[in-house]
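A.B. asks: Below are the sequence and a predicted model for it; my questions follow.
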Amino acid sequence: MSAPKHFLDLHKVGAGTLREILDLGSAIKAGKYMADGDTQLLSGKSLAMIFEKPSTRTRVSFEIGMKQLGGHVVVMDGQGSQLGHGETVADTARVLSRYVDAIMIRTDDPAKLDELASYASVPVINGLTDDSHPCQLMADVMTYEEHRGPIKGRKVTWCGDGNNMAASYVHAAQRFGFDLTLAMPEELSLPQEVIDWAVGEGANITVTHNADEGCARADLIVTDTWVSMGDKDAEARHNALRPYQVDARRLGLAQDDAVFMHCLPAHRDEEATAEVLDGPQSVIWDEAENRLHAQKGILAWCMG
């Protein structure tokens with residue numbers, strides 16, 4: 001039996017394979033796999049989804065995506081499964097592997113994701129951990145390229161704290177070949193080893209504590225909510241991140257055709273102003289929709 005094709009993190013999947021997955025998602029979106037009005041690439045397949053963190057976009061996009069590909073979904077949360085009542089991750093992986101064709105998990109601890117993949121005999125997909133959010137990055141790259149063409153060689157600016165999205169942007173910079181500027185407060189920076197990995201693999205990563213400097217001449221500016229689920233010291237985080245708000249003036253420092261992204265949910269007039277979120281350079285709704293299409297590519301690659 002061949003090893004399952006896990007989708008755990010962008011830096012754990014080769015650049016060529018990531019491009020193959022994106023191309024597959026785009027082809028499915030364009031209707032190139034339609035038969036009799038339906039796309040049935042995963043007919044008869046089943047996906048178990050484990051949610052230890054609440055979700056809107058991840059749950060709906062995976063569930064609808066799986067059903068549109070002809071498959072079935074089982075949804076479990078921490079209270080509705082034995083995983084939340086003492087069963088080990090390893091045992092859960094062994095049992096679910098006997099029932100379903102793939103497992104998606106959205107959790108806090110990345111060690112749970114790795115343990116699940118170690119013991120599962122079916123593909124495991126990272127729906128989010130505190131360390132990374134690779135499915136969102138696939139949607140972001142798809143969205144940028146739909147609007148502006150190849151992302152390779154472009155300047156992408158992350159404006160915010162060194163969270164899981166920032167880490168996945170570092171991974172993506174190496175895999176997709178764009179230049180990444182991280183505009184972050186020093187006290188909320190990414191772990192240095194994340195940046196060191198990308199630089200060691202040839203990525204062009206710049207770190208600045210000046211948001212204007214970071215956003216200047218950017219082709220894409222991305223931000224995220226300042227306080228995520230489980231974050232503590234909300235007031236201190238707000239104080240540190242207030243100088244990194246993306247407003248119209250700051251967006252105006254970027255290229256004339258720059259686009260703005262936010263993985264949502266957004267807190268309007270905090271990390272970004274309503275003027276930017278709703279403005280002509282914002283592609284956040286296309287970005288949200290493309291979670292569905294990018295994840296169809298991931299699902300089809302893992303199970304197809």
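C.D. replies: Looks like it arrived, so ask away.

A.B. asks: just the helices in this protein please.
C.D. replies: Using DSSP state H, the helices assigned to the chain run over residues 15-29, 57-68, 89-97, 110-119, 134-148, 164-176, 192-200, 211-215, 234-241, 248-251, 274-277, 284-303.

A.B. asks: Could you identify which of those helices is most buried?
C.D. replies: Ranked by mean neighbour count, the helices of the chain are led by helix 164-176 with a mean of 25 (mean count of other C-beta atoms under 10 Å). (Each C-beta comes from the backbone N, C-alpha and C, glycine too.)

A.B. asks: Against which helices or strands is that one packed?
C.D. replies: Packing partners of helix 164-176 (3 or more C-beta pairs under 8 Å, 6 or more residues apart in numbering; DSSP states H and E): helix 15-29, helix 134-148, strand 155-159, strand 179-183, helix 192-200.

A.B. asks: quick one: the residue lying closest to A117 once chain neighbours are set aside and H11, what's the gap?
C.D. replies: Leaving aside its sequence neighbours, A117 sits nearest to V124 (C-beta to C-beta, 6 or more residues apart in numbering; 4.2 Å). Taking C-beta to C-beta, to the nearest Å as the measure, V124 falls 16 Å from H11.

A.B. asks: who has more neighbours, these two?
C.D. replies: A direct count of neighbours by other C-beta atoms under 10 Å for V124 and H11 places V124 higher, at 28 against 20.

A.B. asks: Next, work out how far apart that one and D286 are.
C.D. replies: In this view, V124 and D286 are 28 Å apart by C-beta to C-beta.

A.B. asks: any chance of the helices of the chain in CSV, with distance to H267 and mean pLDDT too?
C.D. replies: CSV is the format used below for these (distance: least, C-beta to C-beta, whole Å; pLDDT from 0 to 100):
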stretch, distance to H267, mean pLDDT
helix 15-29, 29, 97
helix 57-68, 16, 96
helix 89-97, 33, 96
helix 110-119, 25, 97
helix 134-148, 17, 98
helix 164-176, 15, 98
helix 192-200, 25, 98
helix 211-215, 17, 98
helix 234-241, 10, 93
helix 248-251, 17, 98
helix 274-277, 10, 98
helix 284-303, 13, 98
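
A.B. asks: Let me have those in a markdown table, extended by distance to A266.
C.D. replies: Formatted as a markdown table, the helices of the chain follow (distance: least, C-beta to C-beta, whole Å):
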| stretch | distance to A266 |
| --- | --- |
| helix 15-29 | 24 |
| helix 57-68 | 12 |
| helix 89-97 | 32 |
| helix 110-119 | 25 |
| helix 134-148 | 14 |
| helix 164-176 | 13 |
| helix 192-200 | 24 |
| helix 211-215 | 17 |
| helix 234-241 | 14 |
| helix 248-251 | 15 |
| helix 274-277 | 6 |
| helix 284-303 | 7 |
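
A.B. asks: Which one of the ones you listed lies nearest to M104?
C.D. replies: Checking the helices of the chain against M104 by C-beta to C-beta gives helix 57-68 as the closest, at 5.8 Å.

A.B. asks: and G31, what is it in contact with?
C.D. replies: For G31, the contact set (C-beta atoms under 8 Å, 6 or more residues apart in numbering) comprises T39.

A.B. asks: Just want the phi and psi numbers for it.
C.D. replies: Dihedral angles of G31 (phi, psi; degrees, to the nearest 10) stand at phi 80, psi 20.

A.B. asks: on that earlier part again, okay, the helices and strands packed on helix 164-176 in TSV with distance to M76 next?
C.D. replies: What follows is the helices and strands packed on helix 164-176, written out as TSV (distance: least, C-beta to C-beta, whole Å):
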stretch	distance to M76
helix 15-29	25
helix 134-148	18
strand 155-159	32
strand 179-183	35
helix 192-200	30
